[in-house]
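> Okay, predicted coordinates and the sequence, questions at the end:
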Amino acid sequence: MPLRRLVVTAAALALAAGLAGCASVDDALADAADAGVAAAGSSVLALELHADGAAPAPLTDTVLADAIAELTDASRGVLELTPGDPDAEANRDAVEAALRDALDAVVGARAALGRGEATGGWADRLAAARAALVEAAP
């Protein structure tokens, strides 16, 4: 009887650990997506304010540089996750793709800003990347 109880307890602990692992991956993906949403949103706002003449280029550049750092950190965290099943892996890949799109858009916007080019198209692309991050979040 004690052996059976030990086996049942071990199985219950293994199941709990597996479920906790899924939750932690989902939580990490949600945190990364939230960070990306915030970075993309602040970038859109900064670009819109700059286009309206309400934010100088150096301030806008600082916001974009901070967004690049935030998106890079979020992407790195997502890439380091080890999903336990195909669904979690698909979620990870979707969040990573959305983060990558947002990062590409911020980098492009910052380059356009530095060249003195219009950034309205980049703001639109960032708004779309932000929406994709909201959609990809678990």
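All right, it came through fine. This one's a predicted model, so the numbers in the text were calculated from it and none came from an experiment.

> Give me the below-cutoff pLDDT ranges for this protein.
The chain contains residues with pLDDT under 70 at 1-23.

> mind listing the helices for it?
2-51, 57-79, 86-115, 120-136 (DSSP state H).

> In CSV: those, plus mean neighbour count.
No exception for glycine: its C-beta is placed from N, CA and C like everyone else's. Listed next are those as CSV, based on neighbours: other C-beta atoms under 10 Å:
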stretch, mean neighbour count
helix 2-51, 16
helix 57-79, 18
helix 86-115, 19
helix 120-136, 19
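
> Skipping its backbone neighbours, what lies nearest Trp122 in space?
In this structure, Trp122 finds its nearest non-sequential neighbour in Ala109, 3.5 Å apart by C-beta to C-beta, 6 or more residues apart in numbering.

> contacting residues around that neighbour?
By C-beta atoms under 8 Å, 6 or more residues apart in numbering, the contact set of Ala109 is 43, 47, 64, 119, 122-123, 125-126.

> List the contacts of the nearest residue to Ser42 once chain neighbours are set aside.
Nearest residue to Ser42 in three dimensions, chain neighbours excluded: Val63, at 5.8 Å (C-beta to C-beta, 6+ apart). Neighbouring residues of Val63 by C-beta under 8 Å, 6+ apart: 42-43, 45-46, 55.
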